[in-house]
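# sequence? don't have it. structure:
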C-alpha cells in the first residue's frame, strides 16, 4: 500500500515534466523542432499593423477580371485607392441614364426570378451574372417596379444557384447593397 501511494505522485510529476519537453507530446502532434515556427516567420518591429491606421492598414484586394466576359466599351476599373461606393462605381452619368428602362423592349422574354447578391465592385459596368443565360446577351432586371438595362453574363452556376449584380446596377434599381434582393430577369 505504501508503494502505491508514493508511486502515484511520482508518476504525475513525470507526466507533467514530459509534457513540457519539446517533441514529447503523445502521437507526435507537437512540432519536433520548436524553433521551426520562429525560424520561418520574421516580423519586423517597424511594421505597425494597428487597425487605427485606417486605409493604410487594409491594402485593396483586387480580384482579377474574367476578360472573356467584358466589353471593351465598359467604364474603367476603379482606382486602387477606391474606398467608397462612389469611388467603385465608375459608370458615367450618361451610362446610368441610358440604363434606366422606362418602357420594356418589345420582343423580350422573361427568364425567371432569382436572388441577387452584390458582385465584385472592382468589375466595372452595368451587368448581371446569372445561371439563367448561357452566353453574354443584353437584357434587363426588375426590382420593386424599377428596371435597368444590363449585360446578362453567364455565371456558370447551376439553375437556382443565385446571381450576382454589379454595383452600378444595384444602385440603379434601388436595392440595398448588403441585401439579397429577388429580381426578375428579362432577355432581349
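The structure has been received and is ready for your questions. Values in this document were obtained by computation on a predicted structure and should not be read as measured data.
# only C-alpha atoms for contact and neighbour calcs from this point on.
Will do.
# which stretches in the protein count as strands?
100-101, 109-118, 127-130, 137-143, 146-154, 163-165, 182-187 (DSSP state E).
# highest mean neighbour count out of these?
Ranked by mean neighbour count, those are led by strand 127-130 with a mean of 26 (mean count of other CA atoms under 10 Å).
# so what does that one touch, helix or strand wise?
strand 146-154, strand 163-165 (3 or more CA pairs under 8 Å, 6 or more residues apart in numbering; DSSP states H and E).
# I'd like to know which of the ones you listed lies nearest to residue 188.
strand 146-154 (9.7 Å; CA to CA).
# still on that earlier bit, and of the helices and strands packed on strand 127-130, who's closest to residue 182?
Nearest of these (CA to CA): strand 163-165, 9.7 Å.
# mind giving me the packing neighbours of the closest one?
Judged by 3+ CA pairs under 8 Å, 6+ apart, the packing partners of strand 163-165 are strand 109-118, strand 127-130.
# that strand: partners in the sheet, and parallel or antiparallel?
Here strand 163-165 has these sheet partners by DSSP bridges: strand 109-118 (parallel), strand 127-130 (antiparallel).
# now that strand: mean pLDDT?
When pLDDT is averaged over strand 163-165, the result is 95.
# and if you look at stretch 116-134?
93.
# measure that stretch end to end?
17 Å (CA to CA, to the nearest Å).
# where in this structure is pLDDT low?
Of all residues in the chain, those with pLDDT under 70 make up the ranges 1-73.
# now do the helices in it.
With DSSP state H, the ranges of helices along the chain come out as 2-20, 36-40, 85-88, 93-99, 167-173.
# quick one: end-to-end length of stretch 105-125, please.
Stretch 105-125: ends 21 Å apart by CA to CA.
# then stretch 103-114?
End-to-end span of stretch 103-114 (CA to CA): 21 Å.
# just to revisit the earlier point, out of the helices and strands packed on strand 163-165, nearest to residue 177?
Comparing the helices and strands packed on strand 163-165 by CA to CA, strand 109-118 comes nearest, at 6.4 Å.
# got a list of contacts for the closest one?
Residues outside strand 109-118 that contact it (CA atoms under 8 Å, 6 or more residues apart in numbering): 132, 160, 162-167, 170, 177-188.
# also stretch 154-161?
So stretch 154-161 is in contact with 114, 129-136, 163, going by CA under 8 Å, 6+ apart.
# tell me the spacing between residue 143 and residue 93.
Taking CA to CA as the measure, residue 143 falls 21 Å from residue 93.
# then residue 166?
Using CA to CA, we find residue 166 at a distance of 16 Å from residue 93.
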